[in-house]
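A.B. asks: give me a 3D structure for the following:
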Amino acid sequence: MSSLQEYRYYYGVLLYQICFLMRIPKLKHKQASAELHKAFKEYAGITTMTKLNTSQTERYLSMIRMLMARERGMFLHEPNEPEFIEDWSMKDFLNYKLYDNGRTDSTVNKPIADKGKVFKGVERCFGLIQQD
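C.D. replies: As a prediction, the model looks like this:
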């Protein structure tokens, strides 16, 4: 089962950052987060996050970060990551680049064959921007 900290990171940091970077008005973040959550679950092929254990949840969150970086050019912070890269020591930066960022996990590097299906939720969120 996923931990409370992982849920806080997912809803409070990751989805919030995506909404912020997509320039969705704050009043519509809750609706946009729900759309993104649904789209990401569809893409990952999961029905609920509550059934995932900690390592599966970490892979799921990593897949979202990689997907958004690859398809939308968004750099999303990892849990407990310093907000500004200037705060990192060289050792931490090199460890991140050499080990954490270079994962070869099959879930993380999942090919995007059904991009249209994945980003329907994201495009619906872009629709929220245009309604204003």
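
A.B. asks: pull the longest helix from the chain.
C.D. replies: Longest helix in the chain, counting residues (DSSP state H): helix 54-72.

A.B. asks: could you list every helix and strand in contact with that one?
C.D. replies: Secondary-structure packing of helix 54-72 (3 or more C-beta pairs under 8 Å, 6 or more residues apart in numbering; DSSP states H and E): helix 4-8, helix 29-44. (C-beta placed from N, C-alpha, C; glycine too.)

A.B. asks: just say which of these is most tucked in.
C.D. replies: helix 29-44 (a mean of 18; mean count of other C-beta atoms under 10 Å).

A.B. asks: hey, C-alpha coordinates of that one in PDB?
C.D. replies: Extracted in PDB, the C-alpha atoms of helix 29-44 (Å, rounded to 0.1, in the frame of the first residue of the first chain):
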ATOM      1  CA  HIS A  29      -6.400  23.000 -10.300                       C
ATOM      2  CA  LYS A  30      -8.600  20.500  -8.600                       C
ATOM      3  CA  GLN A  31     -10.600  19.700 -11.700                       C
ATOM      4  CA  ALA A  32      -7.300  19.500 -13.800                       C
ATOM      5  CA  SER A  33      -5.700  17.300 -11.200                       C
ATOM      6  CA  ALA A  34      -8.600  14.800 -11.400                       C
ATOM      7  CA  GLU A  35      -8.300  14.700 -15.200                       C
ATOM      8  CA  LEU A  36      -4.600  14.200 -15.100                       C
ATOM      9  CA  HIS A  37      -4.900  11.500 -12.400                       C
ATOM     10  CA  LYS A  38      -7.400   9.600 -14.600                       C
ATOM     11  CA  ALA A  39      -5.200  10.000 -17.700                       C
ATOM     12  CA  PHE A  40      -2.000   8.800 -15.900                       C
ATOM     13  CA  LYS A  41      -3.800   5.800 -14.400                       C
ATOM     14  CA  GLU A  42      -5.200   4.800 -17.900                       C
ATOM     15  CA  TYR A  43      -1.700   5.100 -19.400                       C
ATOM     16  CA  ALA A  44      -0.100   3.000 -16.600                       C
END
